[in-house]
Structure formats: C-alpha cells, structure tokens
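*Asks:* missing the sequence, but the structure's below:
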C-alpha cells in the first residue's frame, strides 16, 4: 500500500477519475486497511460505482440463479475491456452481497509498478506472457495449479478471459490454449474431469458502445498499411485509459449455466485434443447465446449483411445517431493522410465489430448468415 501511495502515477490516475479528491485524507484511509477484501469493498467498489455512473447507462447482470456463492465458479468470459470486464463483474457481486473473485490478468498490463501493486491488492492472479517454451510451460502449470487451488481449496471464485487479449473485431472465440492450461492441474488424469473441478461458468459481456472502437479501427488501418506494425506501450496505456474513462452506454453480464453437465459426457473420451475442442465449442455457444443485442448491433448487422433483416428493430433516429457516432469516432483517428477509401475501410471495420455479436448469436441458434456485402 505504501508503494502504491508513493507512486505519482497512482495519484494522477485517482485525480483523473476523482478530480476533487483529498489525497491526504485518502492516504490516511488506505493506510488503515490491512485486508485485500476491505480494499476491494471499501475503496475500489466506490470507485467502480463512480465509473458506472459517469461512463455507462447502468451495469446489469442477468442469470444470478446460475451462480451459487457456496459453490465457487471459474467465470470464463469474452473480453471487451482490458480492465473493466472483471472489475464491473466484481462490483456487481459486491452489490449483490457476495464476495468478489480473483482475477487473472496478463503481465503485459503491468506497465508501471503501481499498476502491479493495484492489481495484487485487488486479488489479481498474474498471468506471465512471452516466456521461453520451458518457462512458459512451468508458468502455465503454476497458474493452472493456483486456479484449481482457488476454486477447490480456498473456495473462491475466479475470472479469466476466453482468450489472450481482446478480439479486436468482437468475434469472440475461446482459445484452446486457455483450456489446455486449465487442464494441466487436477486430481485425476482425465482432462474432462479436471475441467469439471473448476465449475466453469461461461459469462457473456455486452457493451452497447466500445469506447476503443476507433483505436481498434486505427490499428486495423495501420496493419493494412504496414504488415509489420506493432503497438507500443503507450498504445496499451491509451487503450486502458480510454476503456475506463469514456462512454460505454449500457453494459450487461449474462451468467450462463455452469457447463459441467455438458462436459460430463466427454469423460469417456481419450482424445485430449477433442475434449478441449468440444469444451471450447460449448463455451462459445453459451457466450454467443448470452449476448444482449442493442439497436447499434442490429444497425451494424444490416449495414454489413444484405437484406435489411432487422430494420424493424431500430428507428430512423437511432440509425442517424449511430452513423453520427461512427463519424465522430473516425474523426479521432490521428493517422496522417487518411484517404476516403481508408476512412471507409475503418468505418466497415467498426461496423463489423458491432455486427459480430448478433452474427454469432444467430449462428449459435443454428440460423444461416449471408455473405457480407462488399
């Protein structure tokens, strides 16, 4: 806590969120805390409530009946925001009267030491990235062992994203590497049983607006111009700040049913790869089915795919508002010499981001999707 409070970056971040904060008073309050749970429930909870009020039109949760605090879950979710996906779910759990959960976050987010301190104070589980092969396997075993320990011994719920990094185009697909890691630890040699020990509970996250959509479109164009383009640390920090502080509209979490009943038939299989692929498909189906679809998603789908299939789901006013919103976001892209053709490319990229949740939900229901319009 002392290290966190002594970091100029932490004070800068706090003042950005709470401009009129009395840092001396806050410092005294924080130094009185001696439990991570108190820090989460007395400090971070109130900051998240403020962010909810300032940057969203409300954070809602459906499917609480699928979560039993006495039976901890591993929440596996799609990934929309680097910081707020798990944070808002923690906020909702505390608001419900439950203890929050432990959160698996990649060490690539620990850009500054004070961020690492903050993550650990919030019961963060650090996921080590970009290691050599032998070190990577060792780290994966340690991470898997800790998550199993968290669920089965500490009886604490935990959160992990379905993939490393966010799906830039909102086409959410579970990476088999995540499940392979989770299956490294467990009480038996049966991969399916090892996964069942975690009580995996897929959870769908739906943001009405993605404040980072223009930054993602910028990255798409930068890669189109230069196949070797790589983001820098400053880009990651800007994405974090934008995601936290800018407008998101409505935000919903849909807690799906735990998938152990779907995994149990797989316990008779011996092909580990097939088990992993099958569980990935189960998680994808649940997340895609659980999306909340907003008018912007219907508008984007009709713009990307032929037929104006969902024209009855939005008004002319909503259509005009969304088109104006996209224009405003594109105006924020700070690349040089953007041609009209490149601007249209970025517009199509943003439209696909907003269309993909609806597209995947329709596919999960077994419906056909036409080819995208050129």
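*Replies:* That came in fine, so what should we check first? Since we're looking at a predicted model, the values are computed, not measured. Numbering: from 1, shown residues only.
*Asks:* I'd like to know how many residues surround residue 140.
*Replies:* Neighbourhood size, residue 140 [other CB atoms under 10 Å]: 19. C-beta: built from backbone N, CA, C; applies to glycine.
*Asks:* ugh, wrong one, I meant residue 357
*Replies:* Neighbours around residue 357, by other CB under 10 Å: 28.
*Asks:* what sits against it?
*Replies:* If a contact means CB atoms under 8 Å, 6 or more residues apart in numbering, then residue 357 has 170, 172, 206, 288, 291, 293, 297 as its contacts.
*Asks:* average pLDDT for the host helix or strand of it?
*Replies:* Applying DSSP states H and E as the criterion places residue 357 in helix 340-364. For helix 340-364, mean pLDDT is 97.
*Asks:* quick check: buried residues in that helix?
*Replies:* 343, 346-362, 364 (16 or more other CB atoms under 10 Å).
*Asks:* mind checking how far the closest residue to residue 245 other than its chain neighbours is from residue 237?
*Replies:* The shortest distance from residue 245 to any non-neighbouring residue, by CB to CB, 6 or more residues apart in numbering, is to residue 55 (6.4 Å). Distance, residue 55 to residue 237, by CB to CB, to the nearest Å: 18 Å.
*Asks:* between those two, who's got more neighbours?
*Replies:* Taking other CB under 10 Å, residue 55 and residue 237 do not tie; residue 55 has more neighbours (20 against 15).
*Asks:* separation between that one and residue 354?
*Replies:* Distance, residue 55 to residue 354, by CB to CB: 18 Å.
*Asks:* equivalent analysis for residue 76, please.
*Replies:* According to CB to CB, residue 76 and residue 354 sit 23 Å apart.
*Asks:* the closest residue to residue 198 other than its chain neighbours bridge partners, please.
*Replies:* Once flanking residues are discounted, residue 198 sits nearest to residue 74: 4.2 Å by CB to CB, 6+ apart. Here residue 74 sits in beta bridges with residue 158, residue 200, as judged by DSSP bridges.
*Asks:* what's near enough to touch residue 74?
*Replies:* 147, 151, 157, 158, 159, 160, 182, 198, 199, 200, 201.
*Asks:* swap in 7 Å and give it another go.
*Replies:* By CB atoms under 7 Å, 6 or more residues apart in numbering, residue 74 lies in contact with 147, 151, 158, 160, 198, 199, 200, 201.
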